[in-house]
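>>> Everything below, folded, please.
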Amino acid sequence: MSEKGNLLLRSPSQTVANHFVSDGTLFWPKLKRVLDIVLILVFSPLLVLVFVFTATLASFQGGPLFFGQDRIGKNGKLFRVWKFRTMHRNADEALIDLLSKNPVAAHEWTTKRKLQSDPRVTRLGGFLRRTSLDELPQLWNVFCGEMSLVGPRPVPGDELRAEYRGDAWAYLSCKPGLTGLWQVSGRNMLDYTQRVQLDVAYSRRQNLSLDLLILWRTIAVVLRCTGR
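Predicted structure coming up:
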């Protein structure tokens, strides 16, 4: 792993999150909510332009523009997360077929829940994923209070049980985020165990300074087009 990719993940005790003291007050969730709304409103003119541009691109694929799936939120509350559709309509069947025939892909899926060469993703969908533009509709989830700008990435229930296990408390104690420590610490270069470690570190140390740092570093990550 490169030094840049490993910037925020030395070990659970050395991650940048541990240089910050958790707010630990009853006011932090309210302050975090205010920060979400204020930033969305301040940047809304730019966000609207980018959203319309992305929606126009996505519409060229034909079929539904948006894709929604159930995810686990704070305290185990179920909600529907939204993205621009990036996959073919037979995505689930294609994944099952690939994993049954390709042991390398099956191992990659088991360790990362991601595929470097994903046959389910359309050509345009690949561009939207690399630039993270496919996740723009999740700003609606943030606005509705189901997500936050910063937090663990939203996962389905089976993934939470299988991957987080005894550390599920860290995920459940926060609202899922549009971005988080995982995104700015190597993202797809990390395995799932490292991703969970980062979510634990964030849950223990979350505060205003850390959130702002993550948001700032997310800009560079998006510009490097490292999404998958």
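
>>> Tell me which stretches of this structure form strands.
66-72, 78-84, 148-150, 177-179 (DSSP state E).

>>> Could you dump the ones you listed into a markdown table with mean neighbour count added?
The way it works is simple: take the backbone N, C-alpha and C, and place the C-beta from them, glycine included. A markdown table is the format used below for the strands of the chain (neighbours: other CB atoms under 10 Å):
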| stretch | mean neighbour count |
| --- | --- |
| strand 66-72 | 16 |
| strand 78-84 | 18 |
| strand 148-150 | 25 |
| strand 177-179 | 24 |
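
>>> a markdown table for the ones you listed, including distance to residue 137 and mean pLDDT?
Putting the strands of the chain into a markdown table (distance: least, CB to CB, whole Å; pLDDT from 0 to 100) gives the following:
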| stretch | distance to residue 137 | mean pLDDT |
| --- | --- | --- |
| strand 66-72 | 6 | 92 |
| strand 78-84 | 4 | 94 |
| strand 148-150 | 14 | 97 |
| strand 177-179 | 10 | 96 |
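
>>> Dump these to TSV, plus distance to residue 40.
Below are those laid out as TSV (distance: least, CB to CB, whole Å):
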stretch	distance to residue 40
strand 66-72	18
strand 78-84	15
strand 148-150	8
strand 177-179	10
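
>>> List the contacts of the most centrally placed residue in the chain.
Central residue of the chain (CA atoms, centre = their mean): residue 153, 3.6 Å from the mean position. Residue 153 makes contact with 176, 177, 180, 182, 183 under the criterion CB atoms under 8 Å, 6 or more residues apart in numbering.

>>> one more time with 6 Å, if that's ok
Residue 153 sits next to residue 180 when contact means CB atoms under 6 Å, 6 or more residues apart in numbering.

>>> Check residue 59 too.
residue 65.

>>> Quick check: the gap between it and residue 179.
25 Å (CB to CB, to the nearest Å).

>>> ditto for residue 153
In this view, residue 153 and residue 179 are 8 Å apart by CB to CB.

>>> Could I get the full set of helices for this protein?
All helices of the chain, identified by DSSP state H, fall at 28-42, 44-59, 91-101, 103-112, 123-130, 138-143, 157-159, 168-172, 192-205, 208-223.

>>> Out of the ones you listed, which is closest to residue 79?
Of all the helices of the chain, it is helix 138-143 that lies closest to residue 79, at 6.9 Å by CB to CB.

>>> buried ones in that closest one?
Neighbour counts using 16 or more other CB atoms under 10 Å place 138, 139, 141, 142 of helix 138-143 among the buried residues.

>>> then that helix to PDB, C-alphas only?
In PDB, the C-alpha atoms belonging to helix 138-143 read as follows (Å, rounded to 0.1, in the frame of the first residue of the first chain):
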ATOM      1  CA  GLN A 138     -27.500  10.500  -0.900                       C
ATOM      2  CA  LEU A 139     -27.500  14.300  -0.100                       C
ATOM      3  CA  TRP A 140     -31.200  13.700   0.100                       C
ATOM      4  CA  ASN A 141     -30.700  11.100   2.800                       C
ATOM      5  CA  VAL A 142     -28.500  13.600   4.600                       C
ATOM      6  CA  PHE A 143     -31.100  16.400   4.300                       C
END
